[in-house]
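Trainee: sequence and predicted structure below; questions after.
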Amino acid sequence: MLKIGHRGASGYELENSLKSFQKAIRLGVQHIELDVQSTLDNKLIVFHDKYLDRCTDSRGMVKSNTLLELKKNVTLTNGEQIPTLEEACHLFSKNQVKGL
C-alpha cells in the first residue's frame with residue numbers, strides 16, 4: 001500500500017511545516033504532498049495560501065515578501081519559520097521520502 005502524507009501529517013501538525021513532514025515520516029509515509037510558492041525575490045518556499053493570515057502571525061500576500069523578510073518577520077502558528085523547498089527536500093532525502 002502506498003502511503004502519502006497530505007501537506008505532511010496535516011491531521012497531527014500544522015500543514016506544510018517541518019514538524020508536519022517529520023511526523024509524516026515517523027508515521028511511515030513514502031511520499032509527501034506539499035505546496036510550493038515563489039517569494040518576491042524568486043526563492044521557493046513551502047506554503048499553501050496566497051495570504052499569510054491563516055497559518056502565521058502576519059498578514060499580507062506571500063509573494064509581496066522576500067525570503068529574508070519571511071524568515072525574519074513571519075512565524076507559523078506552530079512557532080516555526082516557513083520552510084524553504086530546499087529545507088524540505090533535504091529532510092525528505094535524508095529520510096528516503098519523495099516530495100510530490
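Mentor: Sure, I can see it.

Trainee: which residues of the protein score low on pLDDT?
Mentor: 100 (pLDDT under 70).

Trainee: middle-most residue in it, spatially?
Mentor: Asn16 (3.1 Å; CA atoms, centre = their mean).

Trainee: tell me where the chain has strands.
Mentor: Along the chain, the segments classed as strands by DSSP state E run 4-6, 31-33, 36-38, 44-46, 98-99.

Trainee: TSV please, covering the ones you listed and showing distance to Thr66.
Mentor: Placement of C-beta: from N, CA and C, glycine included. Compiled in TSV, the strands of the chain are given as follows (distance: least, CB to CB, whole Å):
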stretch	distance to Thr66
strand 4-6	28
strand 31-33	26
strand 36-38	11
strand 44-46	11
strand 98-99	23
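
Trainee: ok, Val29 - how many residues close by?
Mentor: Per other CB atoms under 10 Å, the neighbour tally for Val29 reads 21.

Trainee: before we move on, the earlier item: turn the strands of the chain into TSV, including mean neighbour count and distance to Gly79.
Mentor: Below are the strands of the chain laid out as TSV (neighbours: other CB atoms under 10 Å; distance: least, CB to CB, whole Å):
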stretch	mean neighbour count	distance to Gly79
strand 4-6	18	20
strand 31-33	19	20
strand 36-38	15	21
strand 44-46	22	16
strand 98-99	14	23
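
Trainee: which one of those lies closest to Gly60?
Mentor: Each of these has some distance to Gly60 by CB to CB; the shortest is strand 36-38, at 13.3 Å.

Trainee: end to end on stretch 31-51, go ahead and measure it.
Mentor: 26 Å (CA to CA, to the nearest Å).

Trainee: what residues does that stretch touch?
Mentor: Under the criterion CB atoms under 8 Å, 6 or more residues apart in numbering, residues 2-8, 15-16, 21, 24-25, 55, 59-70, 82-88, 92, 97-100 lie in contact with stretch 31-51.

Trainee: with stretch 69-78 instead?
Mentor: Residues from elsewhere that reach stretch 69-78 (CB under 8 Å, 6+ apart): 13-14, 17, 19, 39-40, 45, 52, 55-58, 62, 65, 81-82.

Trainee: the same query, at a cut-off of 7 Å, please.
Mentor: 13-14, 17, 19, 39, 45, 52, 55-58, 81-82 (CB atoms under 7 Å, 6 or more residues apart in numbering).
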